[in-house]
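> One predicted model, sequence on top.
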Amino acid sequence: MKDRFKLEQLWSWVLKVRSAAGDTGKKGGLQLGRFWSTVVAFLVIYLIVKWVIPLVSRWLTGLPFPLPVPGTLALFYMILAVAALYVYISFSEERLEEFLVPIRRLLLGLYGARTRTVVLAVIPLFIGWQVYSATVPKISSPTSLRIQHPSSNFPKDMEALKNPLMNPGDAEVDKFIEEAKANSVQFIPEAAEEIEKVKGKYDNILGFIPTEPVQTFLKDLKAGNINREKAKQALREKYLFEGRILYAMNCRACHGDSTAGDGPMADGFRLRPINFTENGTIETIVEGYTFWRVSNGGRGLPPEATPWDSAMPVWKADIPDEYRWRIIMAEYELAQKTPRQPEKLAEAEGKKE
Ligand code: HEC
């Protein structure tokens, strides 16, 4: 009964400290004690990391899905939470003693010998189970080979989809010609910085694009013999220029300067972006497929494509259609590849490659 005496002493300490802190223990509502309120605080922090942050992210971004906190980051948060709670508890001797009361009581068997036995058995079993499940070799991963270009959920009506910017309509070309004549060709706002650098250096703003179609078009424009076909080619070059800028802004970090899959972020992924300059990648798929992949990202892929999750973002919510087509144009050009032609369509048009 020596132990009991110690404990009573301890309790009187606790009560003294509590009354000193203005806490008589008789307040209305739930009184948890230091130990359980610490446990509850820990659980609340866990729930915030696990559920509240993703919910808030969804609300903030307006995306149709929550953005989960990555596992490693969640671990960091929880380690910090433990450290913070430890600092809080050990801030004063009294607080620490208060925290230890239920633990001491348990160890002394004051909650009953059976409770003590159960708790003392459950804790090592739980830790042992965690360690076991973390280290046991997984024979089941991954059970299927990854299919890089799954077609099971690829909407078939996209197969014949053509990049509208490769073949602008007459009205669009005519508008471009008029703008070029008046030297008032408009670029996308994202290109403003680049345009600012070359402004005033050329008779016609288009002059900074050095490629043959643009230079020929400008010469023709000066000579007054305008050819719609050539104007169309020059317009394509403008789209390509804009596409490269959008590519550098949105895709380069992962896919690299030359689309070789060697961007600064690429090393961070288990499933690296593949090298588009190699044969057998984007040149083997039709434009419509590329458009669909870029729009829906890794999340849009069916299970056979995701035994290792692809980090490719979903772009349809952030980049409008016309921009995505510009990027795809630039992507193929940087990779020096051409998209695969849909067989039936190409045959019908008599220009099978
Ligand atoms: C966060 C990194 C990241 C960013 C940013 C990113 N991608 Fe990807 N992308 C990937 C990964 C990873 C893959 C998966 C590679 C695979 O499927 O083998 C991928 C796959 C692709 C594919 C499919 C290739 C194929 O052969 O099916 C295309 C096309 C693509 N990305 C284009 C883009 C475009 C265009 C952008 C910019 C708008 C972009 N990506 C931005 C990481 C990224």
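Nice, thanks for sending it over. Given the structure is predicted, the values throughout are model-derived calculations rather than measurements.
> leaving aside the residues next to it on the chain, what's closest to the most centrally placed residue in the chain?
For the chain, the residue sitting closest to the mean C-alpha position, by Cα atoms, centre = their mean, is Pro313 at 5.4 Å. Distances taken as Cβ to Cβ, 6 or more residues apart in numbering place Gly297 nearest to Pro313, at 4.9 Å, with adjacent residues excluded. In short, each C-beta sits where N, CA and C put it, glycine included.
> what sits against Ser90?
Ser90 is in contact with Leu96, counting by Cβ atoms under 8 Å, 6 or more residues apart in numbering.
> Would you confirm that Phe176 contacts Gln186?
No - Phe176 lies out of contact with Gln186 (Cβ atoms under 8 Å); the separation is 9.6 Å.
> Which one's more surrounded, the two?
Remark: of Phe176 and Gln186, Phe176 carries more neighbours, 21 against 12, as counted by other Cβ atoms under 10 Å.
> List of residues touching the strand or helix carrying the more buried one?
Following DSSP states H and E, one finds Phe176 within helix 170-181. For helix 170-181, the surrounding residues in contact (Cβ under 8 Å, 6+ apart) are 168, 185-186, 204, 206, 217-218, 221, 226, 228, 231-232, 234-235, 238.
> Turn the buried ones among those residues into a named ChimeraX selection, would you?
In ChimeraX, a selection of the buried entries from those looks like this (16 or more other Cβ atoms under 10 Å):
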select :168,185,204,206,217,218,221,231,232,234,235,238
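> min pLDDT across the contacts of helix 170-181, which one?
Note: of these, the lowest pLDDT belongs to Ile226, at 89.
> Please report the distance of Trp292 from Phe99.
To Phe99, Trp292 is 57 Å away according to Cβ to Cβ, to the nearest Å.
> Give me the number of neighbouring residues for Glu278.
As a burial measure, Glu278 scores 14 neighbours (other Cβ under 10 Å).
> Can you classify it as helix, strand or coil?
Put simply, Glu278 is coil when judged by DSSP: H, G, I helix; E, B strand; the rest coil.
> Would you mind measuring from it to the ligand?
According to Cβ to the nearest ligand atom, to the nearest Å, Glu278 stands 10 Å off from the ligand.
> In contact with that residue, which residues?
By Cβ under 8 Å, 6+ apart, the contact list for Glu278 is empty.
> now swap in His149 and tell me
Applying Cβ under 8 Å, 6+ apart to His149 gives the contacts 284-285, 289, 305.
> Contact residues of the stretch 1-150 of the chain facing the ligand?
Listed as neighbours of the ligand in the stretch 1-150 of the chain under the rule Cβ under 6 Å from any ligand atom: 148-149.
> Quickly list the domain ranges of this structure.
As assigned by automatic domain parsing, the chain contains the domains 32-133, 156-346.
> Quick one: closest of those domains to Ser12.
Among these, domain 32-133 comes nearest to Ser12, with 11.4 Å by Cβ to Cβ.
> could you give the mean pLDDT of the closest one?
Averaged over domain 32-133, pLDDT sits at 93.
> How far off centre is that domain?
Here domain 32-133 shows a centroid-to-chain-centroid distance of 28 Å under the convention Cα atoms, centre = their mean, to the nearest Å.
> What is the end-to-end distance of that domain?
Terminal residues of domain 32-133 are spaced 33 Å apart (Cα to Cα, to the nearest Å).
> start at 365 instead
Okay, residue one is now 365; in that scheme the one you just asked about reads as domain 396-497.
> show me the contacts for the closest residue to the ligand within the stretch 465-614 of the chain.
Going by Cβ to the nearest ligand atom, the ligand is nearest to Asn614 of the stretch 465-614 of the chain, at 3.9 Å. By Cβ under 8 Å, 6+ apart, the contact list for Asn614 reads 679, 683, 691.
> was I right about the last one contacting Val658?
Meaning Ile691. Yes - contact status for Ile691 versus Val658: in contact at 7.0 Å, counting by Cβ under 8 Å.
> Which strand or helix spans Arg634?
Using DSSP H and E, no helix or strand contains Arg634.
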